[in-house]
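Student: model this:
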Amino acid sequence: MMGLKSGTTNGVLYTLNYNEIPTYVMKIDTPEIITATKDFLMTYKDVGLLPDVLYTDDEKEFIAYSYISGETHFNRGSKIEWMILLIKELFNKYKKVDKDTTWGRNDGIHRNSWSEFNQSSLEFARRNIGDLLPSEDHKRIEILVNKLKLYHDQEEKYYLHGDTGVHNFVYLDNKLTGVIDPSPLIGPKVYDFTYSFCSSPDSLNLSMLFSLFSLWDIHDSFNKERLMDEVLFQLYTRIGVCIKVHPHDLNDYMVPGKNGENTFLLTK
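Tutor: Below you'll find the model as predicted:
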């Protein structure tokens, strides 16, 4: 048995070896998190990118699932290649949930609306970012979040992975081979797409964005302006996450602004 890096989870992960080869993963965490993880993986058990659930104890203190060989975050290869695989093999297979299901994290705080979830994300990011960005950027995103409310009132609810970033993607030989550590979320389908697109600072440009989004089966219901707004908000929250969890990525998201201040943008 060997301990694994736990990334952003508060739980403990161990690999279990068979004939000295990593074969299984055991995750120890709270019953809420173990239950949410099991339910998500079982719901999408036919998705090849996700690990197979092998066992969960009755008290929901731990879960065992198949080990996916590779490394997370680094040596990712081409963004367009791993994003296309995510779209076809995960995002396009997401399932709608009943309209009475509550928005938000399955193992956390439930929300009355998706706008309420976004407002919480905005406040969390703003606290973390502080004066790293100019006040104009903070105000710009606040206005943008209010604008997005017009769309979210009509949003359909989907059962999402909820943490689709490169830190939870397994790469082997510069190719995506798996997606781990779900933080299941009831939200709009676009969330996991923009989260994954913004989870690495490479290829953050409109050409890549529009090319990828054209492959997704919900693109007809989106105009380019809304998509850009969703991505800009996700970039803002990503900077907040980088400051707290992934500081080694931070500089790659920042560009020089006026008067020597930092800002962030989506390039053409």
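Student: In the stretch 1-150 of the chain, mark out all the helices, start to finish.
Tutor: Listed in chain order, the helices of the stretch 1-150 of the chain (DSSP state H, counting those that start in this stretch) span 31-43, 79-89, 114-129, 135-152.
Student: quick one: stretch 26-40 to chain centroid distance?
Tutor: 18 Å (CA atoms, centre = their mean, to the nearest Å).
Student: in that stretch, what counts as buried?
Tutor: Within stretch 26-40, the residues scored as buried using 16 or more other CB atoms under 10 Å are 26-27, 29, 33-40. Just so you know, the C-beta spots here come from the backbone N, C-alpha and C atoms, and that holds for glycine as well.
Student: And stretch 217-236, by the same measure?
Tutor: In stretch 217-236, counting by 16+ other CB under 10 Å, buried: 218, 227, 229-236.
Student: Touching it from outside, list them.
Tutor: Applying CB atoms under 8 Å, 6 or more residues apart in numbering, the external contacts of stretch 217-236 come out as 92, 118, 121-122, 125, 129, 137, 141, 144-145, 147-148, 151, 189-190, 194-195, 197-198, 204, 206, 209-210, 213, 253, 264, 266.
Student: what about residue 19, neighbour count?
Tutor: Per other CB atoms under 10 Å, the neighbour tally for residue 19 reads 5.
Student: Got phi/psi on it?
Tutor: Main-chain dihedrals, residue 19, degrees, to the nearest 10: phi 50, psi 40.
Student: And the pLDDT for residue 195?
Tutor: Note on residue 195: pLDDT of 97.
Student: That one: what's its closest spatial neighbour, skipping adjacent residues?
Tutor: Nearest non-adjacent residue to residue 195, counting by CB to CB, 6 or more residues apart in numbering: residue 164, 5.1 Å away.
Student: Please, where are all the strands along this protein?
Tutor: Secondary structure of the chain (DSSP state E): strands located at 2-3, 12-18, 21-28, 53-56, 62-66, 71-72, 103-105, 110-111, 158-160, 169-172, 175-179, 185-187, 255-256, 262-263.
Student: Could you export these to TSV, including columns for distance to residue 242?
Tutor: Shown next, in TSV, are the strands of the chain (distance: least, CB to CB, whole Å):
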stretch	distance to residue 242
strand 2-3	25
strand 12-18	22
strand 21-28	25
strand 53-56	31
strand 62-66	28
strand 71-72	16
strand 103-105	21
strand 110-111	24
strand 158-160	21
strand 169-172	16
strand 175-179	20
strand 185-187	20
strand 255-256	14
strand 262-263	12
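Student: Looking at the ones you listed, spot the one closest to residue 47.
Tutor: strand 175-179 (8.2 Å; CB to CB).
Student: which parts of the closest one are buried?
Tutor: Neighbour-count burial for strand 175-179 flags 176-179 (criterion: 16+ other CB under 10 Å).
Student: cool, and stretch 191-198?
Tutor: Applying 16+ other CB under 10 Å to stretch 191-198 flags 191-198 as buried.
Student: For the strands of the chain, give me CSV that also has distance to residue 243 and mean pLDDT.
Tutor: Converted to CSV, the strands of the chain look like this (distance: least, CB to CB, whole Å; pLDDT from 0 to 100):
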stretch, distance to residue 243, mean pLDDT
strand 2-3, 26, 53
strand 12-18, 24, 93
strand 21-28, 26, 95
strand 53-56, 34, 97
strand 62-66, 30, 97
strand 71-72, 20, 94
strand 103-105, 21, 96
strand 110-111, 24, 92
strand 158-160, 24, 97
strand 169-172, 21, 98
strand 175-179, 24, 98
strand 185-187, 22, 96
strand 255-256, 16, 73
strand 262-263, 12, 70
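Student: Alright, that wraps it up for me.
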